[in-house]
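[1] okay, predicted coordinates and the sequence, questions at the end:
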Amino acid sequence: MNSPRGVVVLGATGSVGRQALQVVAAFPERFRLAGVAARSSVETMAEIVEQYRPPRVIMGDGAAAAALRQRCGTGFALENGEEALCALAAEPQAEIVVAAMAGQAGLLPLWAALGTARRVALANKEALVMAGAALMARARANGAEIRPVDSEHAAIHQLLRAVRREEIRRLVLTASGGPFLDLPPERLASVGVSEALRHPRWSMGPKVSIDSATLMNKGFEIIEAHWLFDLPEERIGVLIHPQSVVHGMLELRDGSTLAQLGPPDMRLSIAWALAGPERLPLDRLDSSPPLPVALSRLDFSPGEETRFPALGLCRKALRRGGGAPAALAAADEAAVEAFREGHLPFARILPLLADAMARLPELAGETLEDALRAGREGRRLAEDFLSREGGPA
Ligand code: MG
């Protein structure tokens with residue numbers, strides 16, 4: 001057997017990061033943890049250091065690093081800051097980088113990780129939404145492979161093994177519909193943060209949970225699928241599927257459809273991203289291994305843009321191209337922050353984004369710098385909306 005492959009986990013204290021650590025630790029004959037990074041969660045990182053003994057740890061800033069050193073003592077290399085984070089992402093020891101930092105903060109480390117031929121298990125969809133053209137070009141140029149961790153895209157990635165590209169008519173991403181699928185629209189205005197965080201099927205971090213409640217998450221996944229699978233927007237469909245059992249489908253030229261089914265457990269797609277095409281025996285996970293799906297009932301309904309405006313916004317940004325998706329992603333990040341801080345009602349998130357898109361000038365989106373510039377413009381437009389609506393800018 002080959003020696004274990006070095007794995008670096010960026011965003012280790014988040015939901016996907018911690019689940020990735022579980023999978024890595026359960027297969028020591030395959031994987032060796034080479035390093036972890038997180039921004040500010042000292043307590044969770046201390047638990048990770050004690051449990052998984054990573055040789056190298058990066059924290060977001062000096063204060064967090066000092067607090068971790070005090071809590072955990074010595075015995076591991078500890079650095080802090082963006083430069084150290086990008087150096088860890090580019091670490092030659094790491095054959096696999098799990099990119100699980102949320103939002104724009106994950107963009108530069110991902111860029112660093114794609115600098116050499118290695119596998120990147122990508123959970124940070126915002127990075128791909130913002131800078132898809134530049135990131136895909138960089139991966140191609142350096143022989144790096146991007147494997148999606150997002151469950152829908154991991155499903156498509158698995159299904160693609162069974163068909164030839166020219167046989168595909170359309171791919172379909174499923175959406176649970178989030179916690180407010182059946183809520184009357186007038187109730188949406190008074191929805192609180194804790195309700196928006198309570199996803200009916202998946203246990204996820206706060207940003208993606210709120211994006212799931214607005215359906216922006218699914219919209220971003222359309223853009224993510226466009227870059228990962230090189231299909232135009234009109235060949236990427238969305239179906240609302242509340243049970244979250246079917247994660248992705250391929251509609252084929254002959255009229256048949258292939259689907260991937262599984263329990264709503266991110267560790268399945270993490271394991272696929274780390275080890276696929278091999279299937280890891282996840283029943284080895286000591287804490288609650290994934291159970292087979294209960295196939296009692298599967299419901300599907302169309303993901304219509306009239307009912308789910310977030311899908312329309314993202315489709316429009318993708319068709320418009322250039323810096324529009326980056327600006328939309330950054331405006332969404334600002335809107336979600338404002339909602340979590342109580343400065344923006346839930347029902348105003350999508351109007352903010354529609355307003356930002358309507359006022360967005362034409363922007364380039366080819367390079368990393370283009371994406372960052374478009375992101376700044378998106379955030380500026382979001383802050384402008386917030387100040388007009390009376391919240392602090
Ligand atoms: Mg997803």
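    Thanks, I have it. Numbers count the residues shown, from 1 in each chain.

[2] the strands in the stretch 1-150 of the chain, which residues?
    Secondary structure of the stretch 1-150 of the chain, counting by DSSP state E, counting those that start in this stretch: strands at 5-10, 31-38, 56-59, 77-80, 96-99, 119-122, 145-148.

[3] what angle do the second one and strand 5-10 make?
    Right, strand 31-38. Put simply, strand 31-38 runs at 20 degrees to strand 5-10, going by axes from the mean of the first three to the mean of the last three C-alpha atoms, to 10 degrees.

[4] before we move on, the earlier item: distance to the ion and mean pLDDT added to the strands of the stretch 1-150 of the chain, as a markdown table?
    Every residue, glycine included, has its C-beta placed from N, CA and C. Below are the strands of the stretch 1-150 of the chain laid out as a markdown table (distance: least, C-beta to the ion, whole Å; pLDDT from 0 to 100):
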| stretch | distance to the ion | mean pLDDT |
| --- | --- | --- |
| strand 5-10 | 18 | 97 |
| strand 31-38 | 22 | 98 |
| strand 56-59 | 26 | 98 |
| strand 77-80 | 31 | 98 |
| strand 96-99 | 15 | 98 |
| strand 119-122 | 12 | 98 |
| strand 145-148 | 9 | 97 |
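
[5] show me which residues of the stretch 101-250 of the chain sit near the ion.
    150, 152 (C-beta under 5 Å from the ion).

[6] smallest gap between the stretch 101-250 of the chain and the ion, at which residue?
    For the stretch 101-250 of the chain, the residue closest to the ion is residue 150, as judged by C-beta to the ion, at 4.2 Å.

[7] leaving out the residues flanking it, which one is nearest to that residue?
    residue 125 (5.8 Å; C-beta to C-beta, 6 or more residues apart in numbering).

[8] for the one you found, give me its contacts.
    150, 217, 220-221, 224 (C-beta atoms under 8 Å, 6 or more residues apart in numbering).

[9] look up phi and psi at residue 237.
    Torsion angles at residue 237 (phi, psi; degrees, to the nearest 10) stand at phi -100, psi 160.

[10] in the stretch 101-250 of the chain, where is pLDDT below threshold?
    Across the stretch 101-250 of the chain, nothing is flagged by pLDDT under 70.

[11] quick one: the helices in it?
    Using DSSP state H, counting those that start in this stretch, the helices of the stretch 101-250 of the chain run over 107-113, 125-142, 151-159, 185-188, 193-197, 206-214, 216-229.

[12] CA atoms only for the longest one, dumped as CSV, please.
    Translated: helix 125-142. Extracted C-alpha coordinates of helix 125-142, given in CSV (Å, rounded to 0.1, in the frame of the first residue of the first chain):
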residue,chain,number,x,y,z
LYS,A,125,-18.3,27.6,-3.3
GLU,A,126,-18.1,31.4,-3.0
ALA,A,127,-14.5,31.3,-4.2
LEU,A,128,-15.6,29.6,-7.4
VAL,A,129,-18.6,31.9,-7.8
MET,A,130,-16.3,34.9,-7.4
ALA,A,131,-13.3,33.9,-9.5
GLY,A,132,-14.4,30.8,-11.4
ALA,A,133,-12.6,31.8,-14.7
ALA,A,134,-9.3,32.6,-13.0
LEU,A,135,-9.4,29.6,-10.6
MET,A,136,-10.3,27.0,-13.3
ALA,A,137,-7.6,28.4,-15.6
ARG,A,138,-5.0,28.2,-12.8
ALA,A,139,-6.0,24.6,-12.0
ARG,A,140,-5.7,23.6,-15.6
ALA,A,141,-2.3,25.4,-16.1
ASN,A,142,-0.8,23.7,-13.0
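
[13] quick check: angle from that helix to helix 206-214?
    Using the same axes, to 10 degrees: helix 125-142 against helix 206-214 is 110 degrees.

[14] so residue 52 makes contact with residue 25?
    Yes: here residue 52 lies in contact with residue 25, judged by C-beta atoms under 8 Å, at a distance of 5.8 Å.

[15] between these two, which contacts overlap?
    Common contacts of residue 52 and residue 25 (C-beta under 8 Å, 6+ apart): residue 33.

[16] contacting residues around residue 288?
    Contact analysis of residue 288 by C-beta under 8 Å, 6+ apart lists nothing.

[17] again, but for the one 5 residues further on
    For residue 293, the residues meeting the contact criterion (C-beta under 8 Å, 6+ apart) are 245, 261-263.

[18] swap in 10 Å and give it another go.
    Counting by C-beta atoms under 10 Å, 6 or more residues apart in numbering, residue 293 touches 243-246, 261-265.

[19] okay, the helices of the stretch 101-250 of the chain in CSV with distance to residue 297 next?
    Listed next are the helices of the stretch 101-250 of the chain as CSV, based on distance: least, C-beta to C-beta, whole Å:
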stretch, distance to residue 297
helix 107-113, 38
helix 125-142, 29
helix 151-159, 19
helix 185-188, 26
helix 193-197, 25
helix 206-214, 21
helix 216-229, 21
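
[20] thinking again about what came up before, got JSON lines for the strands of the stretch 1-150 of the chain, with mean neighbour count and distance to residue 156 too?
    Converted to JSON lines, the strands of the stretch 1-150 of the chain look like this (neighbours: other C-beta atoms under 10 Å; distance: least, C-beta to C-beta, whole Å):
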{"stretch": "strand 5-10", "mean neighbour count": "26", "distance to residue 156": "23"}
{"stretch": "strand 31-38", "mean neighbour count": "24", "distance to residue 156": "24"}
{"stretch": "strand 56-59", "mean neighbour count": "26", "distance to residue 156": "32"}
{"stretch": "strand 77-80", "mean neighbour count": "17", "distance to residue 156": "37"}
{"stretch": "strand 96-99", "mean neighbour count": "27", "distance to residue 156": "18"}
{"stretch": "strand 119-122", "mean neighbour count": "26", "distance to residue 156": "13"}
{"stretch": "strand 145-148", "mean neighbour count": "22", "distance to residue 156": "8"}
